[in-house]
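A.B. asks: Just need the structure, nothing else, for what follows:
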Amino acid sequence: MRTRFTGRLSRMSASIAVLLLALGTTAADAAERDPLADRGWAWPVAVVRVVRPFEAPPGPYAAGHRGVDLGDVERVRSPAPGRVAFAGEVAGRPVVTIDHGDGLVTTFEPVTTVLGVGDPVARGDPIGEVAAGGHVAGGAVHFGVRWNGEYVNPLRLLGGVPRAVLLACC
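C.D. replies: Predicted structure coming up:
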């Protein structure tokens, strides 16, 4: 049974497709324009199980979830080459931060490491073991990414979130 709502969605989807084609753009092309996509980043865990997604806050000091929580983790790897920028405790929990250059910084917690500030890491290098603490359940790790000081969804660097493209509607 077709409702008014699904009929509107179908017409809207068709309108968007026509607009994209008129502009010579496909949905895949629009997704590829994300400046964070296709940088060759790897998942920082062996088995990916997202237990809590990124939730962008409406403002810099508002509530949100500035990263993704990954479950069933023992070891954490570097998603890209970089240098350890911080390794220590923050608010009683172990944190590892890696500066990847080009304004990109990753943070993992709770993670203990033997690495020190300034140590280089390659993509896929082990950076530490999951510990206890923080807002995550046991065996989980929080994976946050900042780009030029702003938190972004880590999935953008891993091919998981196409960038939104605003189009004229109706």
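A.B. asks: Do you have the helices of the chain handy? List them.
C.D. replies: With DSSP state H as the criterion, the chain has helices at 4-22, 27-32.
A.B. asks: With respect to the ones you listed, which exhibits the lowest mean confidence?
C.D. replies: When the helices of the chain are compared by mean pLDDT, helix 4-22 comes last with a mean of 43.
A.B. asks: Report the helix or strand with the lowest average pLDDT across the chain.
C.D. replies: Of all the helices and strands that make up the chain, helix 4-22 has the lowest average by mean pLDDT, DSSP states H and E, namely a mean of 43.
A.B. asks: show me what contacts the residue positioned nearest the centre of the chain?
C.D. replies: By Cα atoms, centre = their mean, the mean C-alpha position of the chain lies nearest to residue 154, the distance being 0.8 Å. The neighbours of residue 154, taking Cβ atoms under 8 Å, 6 or more residues apart in numbering as the test, are 54, 67, 68, 79, 106, 143, 144, 145. The way it works is simple: take the backbone N, C-alpha and C, and place the C-beta from them, glycine included.
A.B. asks: Look up how far residue 117 lies from it.
C.D. replies: Noted for residue 154: a distance of 22 Å to residue 117, by Cβ to Cβ, to the nearest Å.
A.B. asks: Likewise for residue 62?
C.D. replies: Distance from residue 62 to residue 117, counting by Cβ to Cβ: 31 Å.
A.B. asks: my guess is residue 71 meets residue 51, correct?
C.D. replies: Yes. Judged on Cβ atoms under 8 Å, residue 71 makes contact with residue 51 at a distance of 4.0 Å.
A.B. asks: Overlap in contacts, those two.
C.D. replies: Here residue 71 and residue 51 have 137, 140 as joint contacts, going by Cβ under 8 Å, 6+ apart.
A.B. asks: Show the pLDDT at residue 57.
C.D. replies: Looking at residue 57, the pLDDT reads 89.
A.B. asks: Done for today, thanks.
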